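[1] could you look at this predicted model? Sequence included:
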2 protein chains.
Amino acid sequence: MSLDQIRYFVAVAEERNITRAAERLRISQPPLTRQIRALEEELGSVLFERTRRGVELLPAGQVFLDHARQILGEVDRALTVFSRPPPDQGDKTS
Amino acid sequence: MSLDQIRYFVAVAEERNITRAAERLRISQPPLTRQIRALEEELGSVLFERTRRGVELLPAGQVFLDHARQILGEVDRALTVFSRPPPDQGDKTS
DNA sequence: CCTGTCCAATACCGGTTCGGTATGTATGAT
DNA sequence: ATCATACATACCGAACCGGTATTGGACAGG
């Protein structure tokens, strides 16, 4: 499990769509799909249900989302102390 | 910054010696040295002072150590929920 | 002094990982 | 039936990571 995988997961959970999350993360869709699957495999739990419209967060996914945000929050806190502005992840200006 | 780098940093901080920390982490010394330097570079702060005996934690290093433990604690909590026993990092039985 | 020891640092190499492009598969709308 | 949408798979090249070998510097013993 890597910090990038956690960031990817949060983006997918928020967008409920891997393709859109990939755009937001500025990577392409196939690597994102792969990283999400790798994360699910490592955790031993399916986190999303794949639907025609995109993906839906399963209960296990919701549980992990809470932890993921905690982890990323701690990371941001650490980086802030060393005066690294957190990366511009908040692109709502489509 | 990767989770492994954070784990490596904590090990070095605890051992105050890169070579010993490398043994504990079951990697060799050169990659450890490199990862620590890469972390320092990314944070823009020297975390350790290199001495004849090994390394000493500088004030910036102590600050980061606190954050590092917070981050790893959150990660362990997340993994525990998904019933992954935290890795055996506590080898005090020398 | 010179030699051995104990560190971290550097050079170099091979395997793994990661992201990219292209394409496939499935489903739903018109 | 065709097209649009969204995830999955195949394949490839670049970047990353760890390993071995070696270097460089700081002591300690003789």
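    Okay, I see it. Since the model is a prediction, treat every value here as computed from it, not as a measurement. Residues are numbered from 1 along each chain as shown, chains lettered A, B, ... in the order given.
[2] when you work out contacts or count neighbours from here on, use the C-alpha atoms and nothing else.
    Will do.
[3] low-confidence ranges, chain A, go.
    A:84-94 (pLDDT under 70).
[4] what residues does it put near chain B?
    A:2-3, A:43-45, A:64, A:67-68, A:70-71, A:74-75, A:77-79, A:82, A:84 (C-alpha under 8 Å from any C-alpha of the partner chain).
[5] 6 Å - rerun?
    A:67, A:71, A:74, A:78 (C-alpha under 6 Å from any C-alpha of the partner chain).
[6] in terms of helices and strands, where is the third one?
    Assigned by DSSP states H and E, residue A:74 belongs to helix A:59-81.
[7] which outside residues touch that helix?
    Applying C-alpha atoms under 6 Å, 6 or more residues apart in numbering or on different chains, the contact partners of helix A:59-81 are A:6, A:47, B:67, B:71, B:74, B:78.
[8] can you tell me if it touches DNA strand D.
    No. Contact of helix A:59-81 with DNA strand D is not found when judged by C-alpha under 7 Å from any atom of the strand; the minimum separation is 14.5 Å.
[9] give the buried residues for the helix or strand hosting residue A:40.
    When secondary structure is defined by DSSP H and E, residue A:40 falls within helix A:29-43. Neighbour-count burial for helix A:29-43, counted by 16 or more other C-alpha atoms under 10 Å in any protein chain shown, picks out A:32-33, A:35-37, A:39-40, A:43.
[10] ok, which residues in chain A are in contact with DNA strand D?
    Proximity of chain A to DNA strand D, by C-alpha under 7 Å from any atom of the strand, involves residues A:16-20, A:29-31, A:33-34, A:37, A:50-55.
[11] let's go with 10 Å and repeat that
    Residues of chain A found near DNA strand D (C-alpha under 10 Å from any atom of the strand) are A:2, A:12-13, A:15-22, A:28-37, A:48-56.
[12] out of these, which touch DNA strand C?
    A:2, A:22, A:28-36, A:50-53.
[13] dump the residue contacts of residue A:6.
    residue A:68.
[14] in the helix or strand that it is a member of, what's buried?
    In the assignment (DSSP H and E), residue A:6 maps to helix A:3-15. By 16+ other C-alpha under 10 Å, the buried positions in helix A:3-15 come out as A:3, A:5-13, A:15.
[15] from those residues, which single one is nearest chain B?
    residue A:3 (6.3 Å; C-alpha to the nearest C-alpha).
[16] state the distance from that closest one to residue A:13.
    15 Å (C-alpha to C-alpha, to the nearest Å).
[17] likewise for residue A:79?
    24 Å.
[18] ok, now how distant is residue A:45 from residue B:68?
    Taking C-alpha to C-alpha, one finds residue A:45 at 27 Å from residue B:68.
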